Structures are given as C-alpha cells and as structure tokens.
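# this one's structure only:
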C-alpha cells in the first residue's frame, strides 16, 4: 500500500516540487554571488546544513562543478566547508561539556567522520536536528566562517566535500590557503564555543 501511494505521489508531486525548489535555490545562489561575497558566505555557510537536511543541496552542486570546469575554481565550495567545520566544532563543544558516555562517544565519532570523510548527516540528524540550540550553534559557526571566506574571496580548485582530507583543494596560492584555513578555523572555534555553551552537562543522546 505504501508503494501504491508513494510512487505515484513522488513522480507527480514530490519530485517536481523538489526540482523547482532546487532550481530556485540555485538561481538565488547565483544572484547572491554576483552582488555580495559576504552575504553569500553567511547564507551558504550558515544555511548549508538546512539544505542538506531537506536533501535539496544537490541542486547547488552542479553550479560548483560548472564553475570548476569553466573557470578552474569555485567560490561556493569553500562555504560548504564552513558548514562542515562548524558541525565539527559544535560536536567538539558537546564532547567537552557532556557527561553522558553515549553522547560523548557519538559526538567524537561525528568529529572523526566529518574530518575524514565530510559526511555530516549522522551528526546532523542524530544530534543537531534533535537539539535546536546545537543546530543554531552550527548555523552561527558556519555563517561566521562563511562570511570570512566570502569576504576574502576564497576558492577551491576542485569540487569536493568539506573535510580535512580534501583541504588540498584550497591550494591555488598561499593567500588562498591561509585565508581558507583561517575561515575554517573561525567556523570550528565559533561552533565549539557555542556548542559548549548550549550543551547541558546532563544532556543525553536521544
């Protein structure tokens, strides 16, 4: 019964809505980039996790791929790094503050997973979405880090997902590498500080 209902509904309603929403987001991103790098950094760095949570971030990926193929660099990809590193920072803050062994273990696993593979979904859905304050901590961290990256016009020379292992994509020139590292450090530190503040010692893994 689920298949009978959902398959036609997905094909006729949900699928087209997702396509149009994704195209709309892509158009907004392009419009923002042409006008303000800082504003783009704030919105993409802070809002990327929201797009990921709804699965519509894939609509923006073709823009990054096209920029890489046409120009050899992209301004959006570094902003997605800011989001991922803000998630890392928030998880670090939770790890340092929480007493519950399961929550500490989960947050530490999230840090390692994102740092090595750029996969934020387990931490996002398993911890941040369930706690609005921690979700906000990550958004603020990503927005602040993204604002710096946008201000300094940091780019990547490849389409990659944001992690420590993919940081070499920032290697275009020394200034770009330094500013990229600073922006990601800002995102991580802000996320960690707010994650620590917003975590109660008695919080448990839901």
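Right, received. Where do you want to start? Values in this document were obtained by computation on a predicted structure and should not be read as measured data.
# centroid residue for this structure?
The centre of the chain sits closest to residue 83, judged by Cα atoms, centre = their mean, with a distance of 2.9 Å.
# residues contacting residue 90?
Contact analysis of residue 90 by Cβ atoms under 8 Å, 6 or more residues apart in numbering lists 128, 134, 137-138, 141, 191-192, 194-195. C-beta: built from backbone N, CA, C; applies to glycine.
# just put these in TSV and tack on secondary structure and distance to residue 166.
TSV is the format used below for the contacts of residue 90 (DSSP: H, G, I helix; E, B strand; the rest coil; distance: Cβ to Cβ, whole Å):
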residue	secondary structure	distance to residue 166
128	helix	21
134	helix	24
137	helix	23
138	helix	19
141	helix	19
191	helix	18
192	helix	21
194	helix	25
195	helix	23
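# between those, which is nearest residue 122?
residue 128 (10.2 Å; Cβ to Cβ).
# so the closest one touches residue 139, yeah?
No - using Cβ atoms under 8 Å, residue 128 makes no contact with residue 139, being 9.2 Å away.
# tell me, what's touching those two both at once?
Common neighbours of residue 128 and residue 139, using Cβ under 8 Å, 6+ apart, are residue 49.
# who's in contact with residue 95?
By Cβ under 8 Å, 6+ apart, the contact set of residue 95 is 104, 107-108, 111.
# now list the buried members of those residues.
Buried residues within those, counting neighbours by 16 or more other Cβ atoms under 10 Å: 104, 107, 111.
# now residue 192, nearest residue through space, not along the chain?
Distances taken as Cβ to Cβ, 6 or more residues apart in numbering put residue 89 closest to residue 192, at 3.9 Å, once the chain neighbours are dropped.
# how many other residues sit next to the one you found?
When counting by other Cβ atoms under 10 Å, one arrives at 29 neighbours for residue 89.
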